[in-house]
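>>> whatever this is, show me its structure:
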Amino acid sequence: MEPLERRGASRASWIAAAVLLSAFGTCHAAGTGQLVVSATVLSKGSCHFRSTPATLAFGTINPASTVAATAATSVVVRCSGSGNSSTVTYSLAAGNGLYSPGAGLRRMRHATVTTAYMAYTLSLSPAGATIPKGQDFTIGVSGTVAPTDFQDAASGAYSDRVVLDLNP
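As a prediction, this is how the structure comes out:
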């Protein structure tokens, strides 16, 4: 019989296998448990932005105003993919931004007074839909700064950067 090394197996791999077998040989069942198994099947489509980066500009805000400052822009997406379906279902989510103090809380930071912030809200419409493959689709992006968030704000420019996550 040929030595193990000539048959393609190294001595180290045989030793490792022996150690593993001896370790499993001494295990005893001490009870039962459950294992949750899950999977996500991706769409046969894929979507991408046709227009980025977009800018949501609130413009000049008068701190004496009692009316919320609003802004709107849009992004354009196009979906494609394989499969028999002529449509793709997408979802779009907005991140919290660079200066968020917590989940779902967005705020812009002052350009020079880096300890000054101004809160704002953001919405996407529609944030998800089933759209035709191969056609541009426009998604509205709107934002609001409440008067309570700008009335006592330091004067000057504010900004933030938000990541838009488009799936599939």
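>>> how far away is residue 86 from residue 78?
Going from residue 86 to residue 78 by Cβ to Cβ, to the nearest Å gives 14 Å. Just so you know, the C-beta spots here come from the backbone N, C-alpha and C atoms, and that holds for glycine as well.
>>> which one of these two is surrounded by more residues?
Counting neighbours by other Cβ atoms under 10 Å for residue 86 and for residue 78 shows that residue 78 has the greater number, 18 against 8.
>>> hang on, the more buried one packs against residue 47?
Yes - at 6.9 Å, residue 78 counts as touching residue 47 under the criterion of Cβ atoms under 8 Å.
>>> in the chain, where's the longest strand?
In the chain, taking DSSP state E as the definition, the longest strand is strand 69-81.
>>> quick one: mean pLDDT over the helix or strand following it.
Counting by DSSP states H and E, the next helix or strand C-terminal to strand 69-81 is strand 87-94. Mean pLDDT, computed over strand 87-94, is 93.
>>> what of stretch 69-79?
pLDDT averaged over stretch 69-79 gives 95.
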